[in-house]
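**Student:** The following comprises the amino acid sequence and a computationally predicted model.
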Amino acid sequence: MYKTLEETAIELGMPEDQVLRYIYEGRIRSVYDGEQLLINSSQFSTYFDQLERIKEEIEIWRNTPIPEDIDVKDED
């Protein structure tokens with residue numbers, strides 16, 4: 001499904017300027033129909049999958065307790 005630049009920016013949670021810069025850099029593929037840029041939203045499926053995986057890994061990292069240091073000795 002093709003979306004406009006504005007719709008894509010909202011979907012990705014980025015400013016429109018950044019999405020436009022990514023289009024010019026070739027990082028996002030787009031089509032110009034004579035009036036506006038259209039972007040195929042299916043190209044972001046991998047991006048969203050990776051984003052979710054990274055969020056899960058960060059949550060696991062935050063919930064993992066810090067192990068006690070082996071070198072610490074109680075010499076009271």
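**Tutor:** Here it is on my side, so go on. Nothing here was measured: the structure is a model prediction, and the numbers come from that model.
**Student:** what about the spatially most central residue of the chain, distance to residue 12?
**Tutor:** The structure's the chain has its C-alpha centroid closest to residue 51; by C-alpha atoms, centre = their mean the separation is 4.9 Å. Distance of residue 51 to residue 12, computed by C-beta to C-beta, to the nearest Å: 10 Å. (Glycine included, C-beta is placed from N, CA and C.)
**Student:** shaky segments in this protein?
**Tutor:** 72-76 (pLDDT under 70).
**Student:** pretty sure residue 38 is in a helix, no?
**Tutor:** No: under DSSP: H, G, I helix; E, B strand; the rest coil, residue 38 falls outside any helix and is assigned strand.
**Student:** tell me the contacts of it?
**Tutor:** Counting by C-beta atoms under 8 Å, 6 or more residues apart in numbering, residue 38 touches 2, 3, 4, 30, 31, 32.
**Student:** Run through the residues that contact the fourth one.
**Tutor:** Applying C-beta under 8 Å, 6+ apart, we find residue 30 in contact with 23, 37, 38, 39, 40.
**Student:** what do you get for the second one?
**Tutor:** Contact partners of residue 3, counting by C-beta under 8 Å, 6+ apart, are 11, 38, 39, 41.
**Student:** list the contacts for the last one?
**Tutor:** Going back to what we said before, that points to residue 41. Applying C-beta under 8 Å, 6+ apart, we find residue 41 in contact with 1, 2, 3, 8, 11.
**Student:** For ChimeraX, what selects the buried ones among those?
**Tutor:** In ChimeraX syntax, the buried subset of these is picked out as below (16 or more other C-beta atoms under 10 Å):
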select :3,8
